[in-house]
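Peer 1: sharing a model prediction with you, sequence too.
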Amino acid sequence: MQQLAFWKLVTMDNANVLEQLVALLEKNNIRYCVIGGVAVNAYAEPVITLDLDLVIVLNQVEQAESLLGETFQVTHFPHSLNLSQPNSDIRIQIQTDSRYSDFVLRAAPKTVLGLTLPVAQAEDVLQGKIWAAQDPTRPRSKYFKDITDISRLLDKFPELRARVPKDILDILDSRGVA
């Protein structure tokens, strides 16, 4: 549990948000998986992040939103629900873009943040990072984090390189990153 204690310290999570979220989802049989940077951490050398990105099976999003609203402050965005709670700096984003829905079906339990959580397959995590990097509305700082996460995944899974679009590979190769 050292990883979880460290993450809670970094995120100033005095409310046990992660544990509350996981307990709520599991108690109500809401199928979900971890994506984003925390999922990359499950496959590669960990990097600190305040973000926790999840996907919920599409047909359970409405049910989950109702349940989550009882415990968390829920903010709606076009393709996500953002959750927050006082006494925690954890930024939870639930992806509602239908492209991510099947990630949950292929997810497998992995140890991340000192807990065993369903984590999207490396191929799916990579795809999500590619979609994020290609989003023209994404802030520049997030774009570079996505590029770095793609590089981290390719370091561990060089066989996935063929899945990465040329424009992203050109950026990675020009920096000697991948």
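Peer 2: Yes, it's here.
Peer 1: okay, now the unreliable bits of this protein?
Peer 2: 1, 7-11, 175-178 (pLDDT under 70).
Peer 1: 90 instead?
Peer 2: Within the chain, the stretches with pLDDT under 90 are 1-20, 45-50, 78, 85-91, 111-115, 173-178.
Peer 1: domain ranges for it?
Peer 2: 1-120, 121-178 (automatic domain parsing).
Peer 1: now the first one, how far from the centre of its chain.
Peer 2: Yep, that's domain 1-120 we're talking about. 7 Å (Cα atoms, centre = their mean, to the nearest Å).
Peer 1: next one: stretch 110-123
Peer 2: Distance, centroid of stretch 110-123 to centroid of chain: 10 Å (Cα atoms, centre = their mean).
Peer 1: roughly how far does the residue lying closest to Ala5 once chain neighbours are set aside sit from Ala42?
Peer 2: In this structure, Ala5 finds its nearest non-sequential neighbour in Gly114, 7.4 Å apart by Cβ to Cβ, 6 or more residues apart in numbering. In this view, the C-beta of every residue, glycine as well, is placed from N, C-alpha and C. In this view, Gly114 and Ala42 are 12 Å apart by Cβ to Cβ, to the nearest Å.
Peer 1: more neighbours: which of these two?
Peer 2: Shown here are Gly114 and Ala42; by other Cβ atoms under 10 Å, Ala42 has more neighbours (19 against 15).
Peer 1: which residues in the chain form strands?
Peer 2: Using DSSP state E, the strands of the chain run over 32-35, 51-56, 73-77, 80-84, 91-95, 108-112, 115-119.
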